[in-house]
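In: For reference, the sequence and a predicted model appear below.
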Amino acid sequence: MQISIGVQGLDKVQKKIQNISNKAKDTTPLMAELANHLYNTVQDSFDEQKSPDGISWNPIKSSTHKRKNGSQKILYKSGHMQDSLNTTHNKHSATIGLNATKGGYPYPVIHQFGTKDGKIAARPFMPIKEDESLYDNVKEELEKIIEEYMKL
């Protein structure tokens, strides 16, 4: 007595594996999408005056309001900081940053985390916390983008 077992559909499985392999070899499109998402996250923070996890920024002090000639927009004076927002990406990474300085000092860092003495309140706009981790909601969105990219 002889029993034969045949497997069908391996060509489809092999094709799916090849597709995954091809996507993993050059992740430039994925990195571009991740960089774009991070850029939009920061833009949304500035536009909505909230941290990337949706917490409203502390209002500006009346003295700051006067210095800004009546402008109510938080973290906006000339737009230099927002205009310095940039992204780069390549096959292996997606990067977002701000190149704003005043007198050589990178002041966006102070606005992101505030000062230890509390004179300048933290008004986070970048998707990274002080412990260098991503906000949970940002991390989840990035994971969704990666999963969607790698779908079969």
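Out: Good, I have the coordinates.

In: only C-alpha atoms for contact and neighbour calcs from this point on.
Out: Fine.

In: where along the protein do the helices fall?
Out: Using DSSP state H, the helices of the chain run over residues 10-25, 28-48, 62-67, 80-83, 108-113, 136-150.

In: buried sites along the fifth one?
Out: Along helix 108-113, the positions that meet the burial threshold by neighbour count (16 or more other CA atoms under 10 Å) are P108, V109, I110, H111, Q112, F113.

In: Could you do the shortest one as well?
Out: Using 16+ other CA under 10 Å as the test for burial, helix 80-83 gives M81, Q82.

In: Now do that helix: which elements does it pack against?
Out: Applying 3 or more CA pairs under 8 Å, 6 or more residues apart in numbering; DSSP states H and E, one finds that helix 80-83 contacts no other helix or strand.

In: Contacts for it next, please.
Out: The contact list for helix 80-83 (CA atoms under 8 Å, 6 or more residues apart in numbering) reads Q43, F46, Y76, L98, N99, A100, P108.

In: again, 7 Å this time
Out: L98, A100 (CA atoms under 7 Å, 6 or more residues apart in numbering).

In: mind checking how far it is from the chain centre?
Out: Mean-position distance between helix 80-83 and its chain equals 16 Å (CA atoms, centre = their mean, to the nearest Å).

In: Now do it, average pLDDT.
Out: Across helix 80-83, pLDDT averages out at 92.

In: Also stretch 93-113?
Out: pLDDT averaged over stretch 93-113 gives 91.

In: Show me what counts as buried in it.
Out: Going by neighbour count (16+ other CA under 10 Å), the buried part of stretch 93-113 is A94, T95, I96, L98, A100, P108, V109, I110, H111, Q112, F113.
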